[in-house]
Every structure is written in structure tokens, then in C-alpha cells.
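> predicted model and sequence below, questions to follow.
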Amino acid sequence: VQALCDAARDNGVCVVIGLNERARPSAALLYNSALTIDADGSIVSVHRKLTPTHTERLVWTPGDADGLRVNETAAGRVGAMVCWEHFHPIIRQALHAEDEQIHVALWPDMPSAHQLASRHYAFEGRCFVASAATYLPVEAVPPDLRAAYEKGTGGDASFPGGSGVIGPDGEYLVGPVFGDAPVICDLDLAQTIAFKHDLDVTGHYSRSDILHWGVDRPGTRYGE
């Protein structure tokens, strides 16, 4: 992590990356987490996936809401969610409510359902979505583990990528890009306001008088 912080500071960029987080140095608890680093090299957020999906529960433990928030960074107001959290309406609403400008959607792969969820998030939240999917060539997988990836797309990649950038109208600005290639896009953050003129799910288009939701942030991280 320190190497990532140093790289962010040296290059003046904000970094959002998925990782396996150990609760404590000697603990067996692992979290599926999204780490956000600001352009000065400081860690601004660690979001732990709230509910591991299906067989993920054999590896990861449930997260907490401490990191379920949008952070002010040098790049703008940035939030992140992990994989199938994007199918959970209240988790989405929690970040929409904090005026998110750039959302990082972390995915293992990019089938049509994940593309749809990323585009829907951008349209619903009127924000930009950087949708990041894994590119994993077969040769990067140890030979004794390759059988576990047989349900991939085949060819020379177990996970073929599919990252892209989506605008507040839900349309792709770049991608999805499959293969080993960079995804680069300039963003006009003013568009996140312009597109809310007709749809603002936590503003003029909400009905807070009859619909209620909330996030419990007790101040204590689960497992600590």
C-alpha cells in the first residue's frame, strides 16, 4: 500500500484500487475492500464490501458502513463500490446522496449484466463511472490453479478486461475495452449538475416525505 501511496503522490493522481484487506496483522479476517488514495499520497477511505456474494463468503467477512461514503479528492468527489453491491438499491442511494461526481465500479469481469449495472449507476446517480474489470492472462495464473478459471472466456485470458468510462447519461465515453490496454478519458464534472436538471434521485426527484432510508455508521469497524 505504501508503494501505491508514493506513486499517487509522485504523479499527482488519485488512485482507487481493490484489494484483500486483513483486519489486523495477526487476524484471520479478510475483507474485499476498495482503497482510495488522494493525489498527496494520503489514504482517504477504505470501503469494505458489505456482503460477500455466494461462495465469496468462504474467503471474505462482511464489511461495515464506515467506508460507505463519497470522499473529496483532488479529482473531485469520488466513491467506490465492489462488484454486486451495484445491484443493491440502498447501497447505491447512500453514495448518490453524497453528491458523487466520479464513481469507481470494481468488477472481476465485464459480462453484459455488469455493463448494464455500471451504466444504470451512472444514469441513476448522474455521475461519471469508471468501470474497472480484471485483465488476467492465462500465463499469470499458476498451472495448478488454472482449472478453477475454465469458465472464463477461453483464449489467452482467463479474465479479458472490459473496463470503460461512462457519462452521466449512461452512455459509454470510452470502451468497454477488452484486452491489455489503458482506458483514458477527460471528464467535465459540471455535467454531473447539468444532467440533474431532469433527474436527481436525492434532490428534486426524491420523495423524502414518504420514502425513508438510512445508513448505520456506529464508529466501530466490524471485526476490530
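Nice, I can see it. These numbers come from a predicted model, not from an experiment.

> and the helix or strand hosting Val129, average pLDDT?
Using DSSP states H and E, Val129 sits in strand 128-133. Regarding strand 128-133, the rounded mean pLDDT is 98.

> helices and strands around that strand, which ones?
The contact analysis (3 or more CB pairs under 8 Å, 6 or more residues apart in numbering; DSSP states H and E) places strand 128-133 against strand 102-107, helix 112-125, strand 157-166, strand 172-178. Yep, even glycine has a C-beta here, placed from its N, CA and C like the rest.

> next SSE downstream of that strand?
strand 135-137.

> so how far is that following strand from its chain's centroid?
On the basis of CA atoms, centre = their mean, to the nearest Å, strand 135-137 is displaced by 19 Å from the centre of the chain it belongs to.

> with stretch 80-89 instead?
Relative to the centre of its chain, stretch 80-89 is centred 8 Å away, using CA atoms, centre = their mean.

> got the buried residues for that stretch?
Using 16 or more other CB atoms under 10 Å as the test for burial, stretch 80-89 gives 80-86.

> farthest-separated two in those?
The span of the buried residues of stretch 80-89, defined through CB to CB, is set by Ala80 and Trp84 at 14.0 Å.

> hmm, back to that, return the list of strands paired to the strand holding Val129, each annotated with direction.
Applying DSSP bridges, strand 128-133 is found paired with strand 102-107 (parallel), strand 157-166 (antiparallel).

> among those strands, which one carries the weakest average confidence?
For those, where the average pLDDT is lowest is strand 157-166, sitting at a mean of 89.

> ok, Gln170 - contacts?
Wrong residue type there; residue 170 is Gly, not Gln. Contacts for Gly170 (CB atoms under 8 Å, 6 or more residues apart in numbering) come out as 119-120, 122-123.

> now with 6 Å, please.
Applying CB atoms under 6 Å, 6 or more residues apart in numbering, we find Gly170 in contact with 119, 122-123.

> for Pro168, same thing?
Neighbour list for Pro168: 122, 126-127, 191-192, 195 [criterion: CB under 6 Å, 6+ apart].

> picking up where we left off before, by neighbour count, which of the contacts of Gly170 wins?
Among those, Ala122 has the most neighbours (other CB atoms under 10 Å), with 27 neighbours.

> so that residue is in contact with Ser131, correct?
No - the pair Ala122 / Ser131 is not scored as a contact, 8.8 Å apart, by CB atoms under 6 Å.

> before we move on, back to that, tilt between the strand holding Val129 and strand 172-178?
Per axes from the mean of the first three to the mean of the last three CA atoms, to 10 degrees, the angle that strand 128-133 makes with strand 172-178 is 0 degrees.

> buried sites along strand 128-133?
With burial defined by 16+ other CB under 10 Å, the residues of strand 128-133 counted as buried are 128-133.

> quick one, strands of the protein?
Taking DSSP state E as the criterion, the chain carries its strands at 15-22, 30-37, 43-48, 71-73, 76-82, 102-107, 128-133, 135-137, 157-166, 172-178.

> span of stretch 138-147 from start to end?
Start-to-end span of stretch 138-147 (CA to CA, to the nearest Å) is 11 Å.
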